[in-house]
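Chemist: Here is the input, now give the coordinates:
(one chain, ligands or ions: 2)
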Amino acid sequence: MTTLLDKIWDAHVVHCGAAGSSDLLYVDFHLLHEGSSPQAFEGLRLAGRTVRRPDLTLATEDHVVPTRGLLGQTGVAVTMVEALRRNCAEFGIPLHRSGTDGQGIVHVIGPELGITQPGRIILCGDSHTSTHGAFGALAFGIGTSQVEHVLATQTVAFAKPRAMAVTLHGALPAGVSAKDVALAVIGRIGTGGAQGHVIEYRGPAVEAMSMESRLTLCNMSIEAGAKAGMIAPDDVTVDYLRGRPYAPTGRAWDDAVASWKSLRSDDDAEFDRSIDIDVTTLSPFVSWGTNPSQVVELSAAVPDPADTPDPDARRAAERALTYMDLSPGTPMREIPIDVVFLGSCTNGRIEDLRAAAQVLEGREIAPGVRMLVVPGSAAVMRAAESEGLDEVFRKAGAEWRTAGCSLCVAMNDDSLAAGERCASTSNRNFEGRQGRGGRTHLVSPTTAAATAVTGRLTAPSNLGTR
Ligand SMILES: CC(C)[C@H](C(=O)O)[C@@H](O)C(=O)O
Ligand code: SF4
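Modeler: Ligands and ions are numbered 1, 2, ... in the order given. So this is what the prediction gives:
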């Protein structure tokens, strides 16, 4: 009768609040980055508190770090990174510094290190913490005052969200990825479609996905307004975790696997909301507007706001088209692109790089197009280099960078110039997200690669022979 959400929730309640109010939950792991933690540490210091469980806390440098060369000597980025370094040293928190082996985007290194495990509650002062739910963890983003609370107590006060099932039926057609599915789901339910809910993705298409694709899917849950996304653990999850640095070993591993296997919604579990999607008919998706629900299939044209019955949605669409400098009826495939970004916590893992490299192998990117390839972590970078993917990207004319959030968010050296148009594998296409006046089209890694080749929004199936 219970959902996966119920099971994880119930196992973590330290103090049960009154109906409708918050419960106090135990937190299994707390991740930090330089972008959202400085005030929290300041709060601790002012109150004379320490960090309750530094051993269940880990920090990394990702948002502001340069992806070309080392951190400079001055500037906002240096101030932020130095603050994190001081805070971690003072409070005894392990830190994965930029330029070291374990560094990377917080949502990429958590899984890689084996910190992200089924059944855990994992928090981070970052909205895309939903990513970690791919392992059957309950993982959500928290605000700065909650970061301080977790640091001090290893607990969080939170009102239980409702449960929503998104069931993906059928098998994904060739050339359609988890990113396309995520965009299709958000396009269907809207940016507020899952508000107040935790989405559980289930069904044959989810079971067939690799761990990396599941991470992409859960990553985007927040863009549909969900608190978190999750997927019940199975053999794919267990195989991924085996042997990772933070994964249990020996007897403890066997016990963990046995308990993970019980972590699934009961067959008769009741969800507050359910939607079903048949993925067999999906094709690559791309965003045309300034929020992640403003998407169409790449084979379609820019929609006409006049066709939108709801007046608010119509005005939003008109405004988006003005910002994006697009006219209704223009085929998406005719839209020219200046920049291509392959990376981020959505699509900066090795599987994403492999898929894009396969498209680029033996091809060159179009003259005038700038393509940045930014691995999600130092480990992804090393893996890609050992497979020769960096060479494929360089040969095609792309820039091969070091790990970080990079062009996903204009908080570092990488940004779009005003008016530049970018095909981006990241998760947000808000106004100014990639730089003031910059225009973002959200796409999958293979669409990004094919777009770099033609200089227009393109799926690999539209490319000629090499
Ligand atoms: C800077 C950070 C707090 C922010 C987030 O919460 O998600 C960022 O990662 C983002 O993707 O917009
Ligand atoms: S890669 Fe982008 S979405 Fe992910 S944590 Fe960094 S800024 Fe946020």
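
Chemist: And stretch 356-369, what's buried?
Modeler: Ala356, Ala357, Val359, Leu360, Glu361, Arg363, Ile365, Ala366, Val369 (16 or more other C-beta atoms under 10 Å). Glycine gets a C-beta too; all of them are placed from N, C-alpha and C.

Chemist: what does stretch 411-424 give?
Modeler: Residues of stretch 411-424 classed as buried under the neighbour-count rule (16+ other C-beta under 10 Å) are Met411, Asn412, Asp413, Asp414, Ser415, Leu416, Glu420, Arg421, Cys422, Ala423, Ser424.

Chemist: Over to that stretch now: how far is its first residue from its last?
Modeler: 16 Å (C-alpha to C-alpha, to the nearest Å).

Chemist: circling back to that earlier point, from the buried residues of stretch 411-424, pick the one nearest ligand 1.
Modeler: Of all those, ligand 1 sits closest to Met411, with 6.6 Å by C-beta to the nearest ligand atom.

Chemist: Tell me how far the lengthiest strand in the chain lies from the chain's centre.
Modeler: Identified as the longest strand of the chain according to DSSP state E is strand 162-169. Put simply, strand 162-169 sits 19 Å off its chain's centre (C-alpha atoms, centre = their mean, to the nearest Å).

Chemist: After it, which helix or strand is next? Please name it.
Modeler: Beyond strand 162-169 on the C-terminal side, the first helix or strand identified by DSSP states H and E is helix 178-189.

Chemist: Please put the alpha-carbon coordinates of that following helix into PDB.
Modeler: What follows is helix 178-189, C-alpha atoms only, in PDB (Å, rounded to 0.1, in the frame of the first residue of the first chain):
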ATOM      1  CA  ALA A 178      16.400  10.500 -21.500                       C
ATOM      2  CA  LYS A 179      16.800  14.200 -22.100                       C
ATOM      3  CA  ASP A 180      14.200  14.100 -24.800                       C
ATOM      4  CA  VAL A 181      11.900  12.200 -22.500                       C
ATOM      5  CA  ALA A 182      12.500  14.800 -19.700                       C
ATOM      6  CA  LEU A 183      11.600  17.700 -22.100                       C
ATOM      7  CA  ALA A 184       8.600  15.800 -23.400                       C
ATOM      8  CA  VAL A 185       7.300  15.200 -19.800                       C
ATOM      9  CA  ILE A 186       7.800  18.900 -18.900                       C
ATOM     10  CA  GLY A 187       6.300  20.000 -22.200                       C
ATOM     11  CA  ARG A 188       3.200  17.900 -21.300                       C
ATOM     12  CA  ILE A 189       2.700  18.800 -17.600                       C
END
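
Chemist: for the buried residues of stretch 356-369, which one is nearest ligand 1?
Modeler: So of the buried residues of stretch 356-369, ranked by how close each gets to ligand 1 (C-beta to the nearest ligand atom), first place is Ala356, at 21.0 Å.

Chemist: follow-up on the earlier one: export the buried residues of stretch 356-369 to JSON lines and tack on distance to ligand 2?
Modeler: Below are the buried residues of stretch 356-369 laid out as JSON lines (distance: C-beta to the nearest ligand atom, whole Å):
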{"residue": "Ala356", "distance to ligand 2": "16"}
{"residue": "Ala357", "distance to ligand 2": "20"}
{"residue": "Val359", "distance to ligand 2": "22"}
{"residue": "Leu360", "distance to ligand 2": "22"}
{"residue": "Glu361", "distance to ligand 2": "26"}
{"residue": "Arg363", "distance to ligand 2": "26"}
{"residue": "Ile365", "distance to ligand 2": "22"}
{"residue": "Ala366", "distance to ligand 2": "26"}
{"residue": "Val369", "distance to ligand 2": "22"}
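
Chemist: what's the residue in the stretch 151-300 of the chain that ligand 2 sits nearest to in contact with, if anything?
Modeler: Residue of the stretch 151-300 of the chain nearest ligand 2, by C-beta to the nearest ligand atom: Asn219 (7.6 Å). Contacts for Asn219 were tallied using C-beta atoms under 8 Å, 6 or more residues apart in numbering; they are His107, His128, Ser130, Thr131, Ala182, Gly229, Cys345, Thr346, Asn427.

Chemist: Let me see the confidence value for it.
Modeler: The score at Asn219 is 98. That number is its pLDDT.

Chemist: residue ranges of the helices in the stretch 151-300 of the chain, please?
Modeler: 178-189, 204-207, 211-219, 235-241, 250-261 (DSSP state H, counting those that start in this stretch).

Chemist: Report the backbone C-alpha coordinates of the shortest one in PDB.
Modeler: What follows is helix 204-207 as a C-alpha-only set of coordinates in PDB (Å, rounded to 0.1, in the frame of the first residue of the first chain):
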ATOM      1  CA  PRO A 204       9.600  -0.500 -18.900                       C
ATOM      2  CA  ALA A 205      11.300   2.500 -20.500                       C
ATOM      3  CA  VAL A 206      12.800   3.500 -17.100                       C
ATOM      4  CA  GLU A 207      13.900   0.000 -16.300                       C
END
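
Chemist: Appreciated, that's everything.
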